[in-house]
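**Student:** let's see this in three dimensions:
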Amino acid sequence: MSSAPDDEKPSASTWIADHISSQVGRTFVVTGANSGLGLETVRALGGLGATVILTVRDEGKGIRALDELRGEQPEAHFEVRVLDLADLDSVREFAGTVEEVDVLINNAGVMMPPRGTTKQGYELQFGVNHLGHFALTGLLLDKLVRSEDGRVVTVSSGLHKRGRIHFDDLHGESNYSRTKYYSQSKLANVVFALELNRRLRANTIPIRSVLAHPGYSATNLQTTGPTGVGKLVMKATTKLFAQDAMMGALPQLYAATGADVESGQFYGPDGRGESKGFPTVVEPLDAARDRELAKRLWDISEELTGVEIRLAP
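**Tutor:** Residues are numbered from 1 along each chain as shown. As a prediction, the model looks like this:
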């Protein structure tokens, strides 16, 4: 892949991965990297010369993905490491193995499973999608700050707009709903990334905190979480309406590599309803900008994870 010549800058409505400049000398950590959006993100970055650390929960699946990538790009620099975001001990162990990183892409997620819990007993979607990534970001912050262009890209969903943070029943012990708690976790992603941006700016730390969402993209996320009739409906609607995973990965690739990306921005597809299309700046739910909500979520996330992110509000 090559960058676009200076006199042929792509418009916002036509940006594709081929327009990314060389990433030689940069190291990316991509969570949930063995399939879907994560795998497409890794594939694009590897082709541009980056060193990419693929984090996977299942080492066997990670090795199979690595074999596929190396078959396509034998000269690329890929590593597979185990990271289970549903276990905060695993998050700490993994973070201790990372010597340097320029960009952390918080991509992994679970979507609408029956109620389950993490190793530490937290509701699974909130635990994996938000708490695991909150802890990982905090543990890698000292290494990101050494980069000339450190970035944290947090992948959310358009469904964050249907969410609210259920502080009175954070883990769905009283009234669990798959969609309600998925939306909660995705709203938490947005609230966290925006608050991280504010705190980085307030502390004059030159790391960019950026958000992305893939629109409606065809990945295994829609079929590995839902069960029963919900799974059948999801498979049918995905087949009819979803864009492919490579298109879905473009917003997070742009957030991770675009020269004009600003900290605090949110990228999603430019098509109708942000469901598909090329990356553009989109707006979060208004409530996601609430600073009191952000502080409350930040404080409880530190308490639940045991990871203190030392950034004054």
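**Student:** which residues of the chain fall in strands?
**Tutor:** Remark: strands assigned in the chain by DSSP state E are 27-31, 51-56, 77-82, 103-106, 151-155, 208-212, 266-269, 279-281.
**Student:** strand partners (parallel or antiparallel) of the fourth one?
**Tutor:** Using DSSP bridges, the strands paired with strand 103-106 in its sheet are strand 27-31 (parallel), strand 151-155 (parallel).
**Student:** point out the most buried one among the ones you listed.
**Tutor:** Highest mean neighbour count of those: strand 151-155, a mean of 27 (counted as mean count of other CB atoms under 10 Å). Using the backbone N, CA and C atoms, a C-beta is placed for each residue, glycine as well.
**Student:** residues touching that strand, excluding its own?
**Tutor:** 37, 102-107, 109, 133, 137, 144, 189-190, 192-193, 196, 207-214, 252, 255-256, 261 (CB atoms under 8 Å, 6 or more residues apart in numbering).
**Student:** who's in contact with S185?
**Tutor:** S185 neighbours (CB under 8 Å, 6+ apart): 109, 125-126, 128-130, 163.
**Student:** dump the strands of the chain to a markdown table, plus distance to A245 and mean pLDDT.
**Tutor:** Output for these, formatted as a markdown table (distance: least, CB to CB, whole Å; pLDDT from 0 to 100):
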| stretch | distance to A245 | mean pLDDT |
| --- | --- | --- |
| strand 27-31 | 13 | 98 |
| strand 51-56 | 15 | 98 |
| strand 77-82 | 18 | 98 |
| strand 103-106 | 14 | 98 |
| strand 151-155 | 13 | 98 |
| strand 208-212 | 14 | 98 |
| strand 266-269 | 13 | 97 |
| strand 279-281 | 14 | 96 |
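**Student:** export those to JSON lines and append columns for distance to L311.
**Tutor:** JSON lines is the format used below for those (distance: least, CB to CB, whole Å):
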{"stretch": "strand 27-31", "distance to L311": "20"}
{"stretch": "strand 51-56", "distance to L311": "24"}
{"stretch": "strand 77-82", "distance to L311": "26"}
{"stretch": "strand 103-106", "distance to L311": "15"}
{"stretch": "strand 151-155", "distance to L311": "12"}
{"stretch": "strand 208-212", "distance to L311": "11"}
{"stretch": "strand 266-269", "distance to L311": "20"}
{"stretch": "strand 279-281", "distance to L311": "24"}
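**Student:** out of those strands, nearest to A202?
**Tutor:** Among the strands of the chain, the nearest to A202 by CB to CB is strand 208-212 (12.1 Å).
**Student:** run the chain-centre distance for the closest one.
**Tutor:** Remark: strand 208-212 is offset 9 Å from the chain centroid, using CA atoms, centre = their mean, to the nearest Å.
**Student:** what ranges does the stretch 151-300 of the chain have for its helices?
**Tutor:** Along the stretch 151-300 of the chain, counting by DSSP state H, counting those that start in this stretch, helices occupy 178-202, 221-224, 228-241, 245-257, 291-305.
**Student:** of these, which approaches P269 most closely?
**Tutor:** helix 245-257 (6.7 Å).
**Student:** report the angle between the closest one and strand 27-31.
**Tutor:** With axes from the mean of the first three to the mean of the last three CA atoms, to 10 degrees defining the directions, helix 245-257 sits at 130 degrees from strand 27-31.
**Student:** helix 245-257 - what's its average pLDDT?
**Tutor:** Mean pLDDT, helix 245-257: 96.
**Student:** so which elements touch that helix?
**Tutor:** With contacts taken as 3 or more CB pairs under 8 Å, 6 or more residues apart in numbering; DSSP states H and E, helix 245-257 sits against helix 36-46, strand 103-106, strand 151-155, strand 208-212, strand 266-269, strand 279-281.
**Student:** the shortest one: how far from the chain's middle?
**Tutor:** Same thing as strand 279-281. With CA atoms, centre = their mean, you get 16 Å for strand 279-281.
**Student:** ok, now stretch 206-218?
**Tutor:** Mean-position distance between stretch 206-218 and its chain equals 6 Å (CA atoms, centre = their mean).
**Student:** with stretch 102-111 instead?
**Tutor:** With CA atoms, centre = their mean, you get 3 Å for stretch 102-111.
**Student:** dump that stretch to CSV, restricted to CA.
**Tutor:** C-alpha atoms of stretch 102-111 as CSV (Å, rounded to 0.1, in the frame of the first residue of the first chain):
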residue,chain,number,x,y,z
ASP,A,102,2.9,4.0,19.5
VAL,A,103,-0.8,3.3,19.0
LEU,A,104,-3.2,1.2,21.1
ILE,A,105,-6.4,0.2,19.2
ASN,A,106,-9.0,-0.9,21.7
ASN,A,107,-11.0,-3.0,19.2
ALA,A,108,-12.0,-6.2,20.9
GLY,A,109,-15.5,-6.7,22.2
VAL,A,110,-18.4,-9.0,23.0
MET,A,111,-21.9,-8.4,21.8
